[in-house]
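Novice: dropping the sequence and predicted coords here.
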Amino acid sequence: MSSYSTQPSEFEAYEAHDAYKAYDRRDAAARRTEEPPYAWRAPFTAYFYRELGYTLTGLPVAVAGFTLAVTLFCLGLGTFVTVLGLPVLAALTAAGRGFGRLERSRVRTMLALDVPAPEPVRVKRPGAWGGITARLGDAAGWKAVLHQVVMFPWAILSLVVSTVFMTVGWSLALYPVYHWVFPTFTDWPGYKLFDFTDSDGDQHVFFVESMPQIAGVCLVGLLFVFVTPQLVRGLTNVNRLAARGLLGR
């Protein structure tokens, strides 16, 4: 009489283990929560304005993170020969993890990218010094600190470029709407594009006043308006890449 075992075979157990590892890798990978819109729709979507909001609000966060990282790192190195240096450096990695948590939240809500948090710090020895040594050996904490340092210049560049392109684009695109302001409230017939005097003493002045000129300015502005979302997406893609590499698992 043959007996039937309910225990999984060795092959089945191996397959289950592989499936679990595959699921664990998939769960640990960063994933998009929303697809970007088509180029022609981008300037009028909430997706673009969330990306733009990310670049505009990124500088204050970057300044705070960069300042704290540099201050604690210099203080920790300066006091490394004493017993105070190690707790300061441990506090640096803890602060780095805190800023990393904030940045992952910003990336998830504003850049539509869900980056899984790194594994928690593993304290192997009890007591305060056990926690300090665990923080000092925390690779995720040090990567988060590195993120605050290397992304600081990028936050400045992103803010300046996105603000300039956004402002110039809509200012030019909407020029037909406010063209009447110049002849009504000033002695200019339109926007003064340039005004200079050459070496012979002749003055050269150019106003945007005719309909073809106004239409041309509007078209240039619309070009900026439609290019800006693609430019901002390129800038924020660098932030997505940095979050994947330095703030995730």
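Specialist: Received it, and whenever you're ready, just let me know what you need.
Novice: where does the protein dip in pLDDT?
Specialist: Residues of the chain meeting the criterion pLDDT under 70: 1-28.
Novice: quick one: the helices in it?
Specialist: Using DSSP state H, the helices of the chain run over 10-28, 46-78, 85-110, 128-136, 139-150, 152-173, 175-178, 181-185, 211-247.
Novice: how far away is residue 171 from residue 182?
Specialist: Taking CB to CB, to the nearest Å as the measure, residue 171 falls 14 Å from residue 182. Bear in mind the C-beta positions are built from the backbone N, C-alpha and C, glycine included.
Novice: neighbour count winner among these two?
Specialist: Taking other CB atoms under 10 Å, residue 171 and residue 182 do not tie; residue 182 has more neighbours (17 against 14).
Novice: just the buried residues of stretch 231-243, please?
Specialist: 232-233, 235-236, 239-240, 242-243 (16 or more other CB atoms under 10 Å).
Novice: list the contacts of residue 222.
Specialist: Counting by CB atoms under 8 Å, 6 or more residues apart in numbering, residue 222 makes contact with 169, 173.
Novice: what's the burial count for the nearest residue to residue 220 once chain neighbours are set aside?
Specialist: Nearest non-adjacent residue to residue 220, counting by CB to CB, 6 or more residues apart in numbering: residue 172, 5.4 Å away. Using other CB under 10 Å, residue 172 is surrounded by 21 other residues.
Novice: could you verify my assumption that residue 172 touches residue 218?
Specialist: Yes: using CB atoms under 8 Å, residue 172 is in contact with residue 218, at 6.8 Å.
Novice: in JSON lines: the buried residues of stretch 231-243, plus distance to residue 115.
Specialist: Formatted as JSON lines, the buried residues of stretch 231-243 follow (distance: CB to CB, whole Å):
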{"residue": "232", "distance to residue 115": "19"}
{"residue": "233", "distance to residue 115": "17"}
{"residue": "235", "distance to residue 115": "18"}
{"residue": "236", "distance to residue 115": "13"}
{"residue": "239", "distance to residue 115": "11"}
{"residue": "240", "distance to residue 115": "8"}
{"residue": "242", "distance to residue 115": "10"}
{"residue": "243", "distance to residue 115": "5"}
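Novice: closest to residue 31 out of those?
Specialist: residue 240 (11.3 Å; CB to CB).
Novice: I'd like to know how far the nearest residue to that closest one once chain neighbours are set aside sits from residue 245.
Specialist: Leaving out its chain neighbours, the residue that sits closest to residue 240 by CB to CB, 6+ apart is residue 113, at 5.1 Å. According to CB to CB, residue 113 and residue 245 sit 12 Å apart.
Novice: cool, thanks, signing off.
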